[in-house]
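>>> Pasting a predicted model and its sequence here:
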Amino acid sequence: MAKRIQISRHGGPEVLDYVDFQPAEPGPDEVRVRNRAIGLNFIDTYYRSGLYQPPALPSGLGTEAAGEVEAVGSAVSHLKVGDRVAYATGPLGACSEVHVLPAQHLVKLPDSISFEQAAAMMLKGLTVQYLLRQTYQVEAGQTILWHAAAGGVGLFACQWARALGVQLIGTVSSKEKAELAKANGAWATIDYSHEDVVQRVLELTEGAKCPVVYDSVGKDTWERSLDCVAPRGLLVSFGNASGAVTGVNLGILAQKGAIYVTRPTLFAYANSAEKLQAMADELFALVESGQIKVEIGQRYPLADTARAQIALAGRQTTGSTTLLP
C-alpha cells in the first residue's frame, strides 16, 4: 500500500483526502516511479474545483514529480529500475508516494539536478520553454509583459528572458514581490495594487506597447492585457488563476489593433517523447549553467496538500512549492 491525495468530488481544499491505495503493476509501455518530491501547480486546483474534469472520480491529483524508477513494463527499453526521472505532463496522480504512468511522459534527470529541484521546475520550466521559445519566439531587445512575475512560472520567465536578452516587465502585488522579480531578471515591475498597469506599460515602452503579453491570471487581467498588446501583437492566455475568460467578443480584437490571441497548453507542445526530452534538455542546460536558479519558496508534507493549495490560491507563495512524500 502507498499514500496519495485523492478527490471523490469537486470543491474547495476540504475535498482533498489523504488515503491509502494499491499502486498498479506497470503495463507494457508504463513505468512505476517512487516519487521523492512533487510539484504543486495551479492546474491542481483546477482539477480539484471542477474547472478541469478528471477522466473519472475518485481521482488522483497532480502531474509533476521526480523520483526513481521502481518497475518497468515489458515494452519499455529506454528506462530501467533505479533511473532518476522527472515528469510533468500527466496523467493525474503525481500527488502520491508511487505513480504509474506511460514511459513517454518521463525524462531522464541529470545527476547534477536534485529530485526537489526537478519537481519544483519541470511544469513551470517547460511551460516557460514553450511560451518563450515556441508559442512566440521572443528576441533580444524586445520588451514583453508577464503577469504574476513573482510566482512559480513567473520567476522562471524572468530568468529565461534575461538569458535571452529580453526586457521583461512583470506585474506584481507588493514591493517584496517586485524586488524578488527584479532579483530574478525582470527588467521592470508594475505593482498593480497601486499602479495603473496599462499606463505604466505605455510609459515603459514609450507608447509602443508590447509585441507579446503573457497572462496566466485570466478573468481579472483580460481587459488590461488586451490594452498592453501592440497592434498586430499577440496575447498569450495560458492560465485561469482568477477565473476563466468567457464571453469574448472577437470584435474587441479588431478594436484593439487587430491583435492575435492564443490559449496554448504544454501538452500540445510536448506531444511526443522526443519533443518532451528536447524541451527538458534545454531547461536542464540553463539550470546547469546557472542562468536559471530554482527558487523553492515553500515545502509541505504530502499530507498537508490542502494547506499548500490554500496558500497558492491566496497568492501567499513565492517561487515554487514542493510536496514531500
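Noted; the coordinates are in hand. Residues are numbered from 1 along each chain as shown.
>>> and the residue of the chain most remote from its centre, backbone torsions?
For the chain, the largest distance from the centre (Cα atoms, centre = their mean) belongs to S74, which lies 32.0 Å off. In terms of degrees, to the nearest 10, the main-chain angles of S74 are phi -60, psi -20.
>>> Okay, it and R34: tell me how far apart.
Taking Cβ to Cβ, to the nearest Å as the measure, S74 falls 20 Å from R34. C-beta: built from backbone N, CA, C; applies to glycine.
>>> what about the most centrally placed residue in the chain, which helix or strand?
Centroid-nearest residue in the chain, with Cα atoms, centre = their mean: K124, separated by 3.3 Å. Element membership of K124 [criterion: DSSP states H and E] is helix 115-130.
>>> Give me the next element, helix or strand, following that helix.
Defined by DSSP H and E, the subsequent element after helix 115-130 is strand 143-146.
>>> In PDB, list the C-alpha atoms belonging to that following strand.
The C-alpha coordinates for strand 143-146 follow below in PDB (Å, rounded to 0.1, in the frame of the first residue of the first chain):
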ATOM      1  CA  THR A 143      10.100  44.300 -24.300                       C
ATOM      2  CA  ILE A 144       7.300  41.900 -23.100                       C
ATOM      3  CA  LEU A 145       4.700  41.900 -20.400                       C
ATOM      4  CA  TRP A 146       4.400  39.000 -18.000                       C
END
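>>> helices or strands next to it in the packing?
Counting contacts by 3 or more Cβ pairs under 8 Å, 6 or more residues apart in numbering; DSSP states H and E, strand 143-146 is packed against helix 152-164, strand 167-172, strand 210-215.
>>> closest one to G257 among those?
For G257, the closest of the helices and strands packed on strand 143-146 is strand 210-215, at 11.5 Å, according to Cβ to Cβ.
>>> now the angle from the closest one to helix 115-130?
Calculated by axes from the mean of the first three to the mean of the last three Cα atoms, to 10 degrees, strand 210-215 forms an angle of 140 degrees with helix 115-130.
>>> Many thanks, we can stop here.
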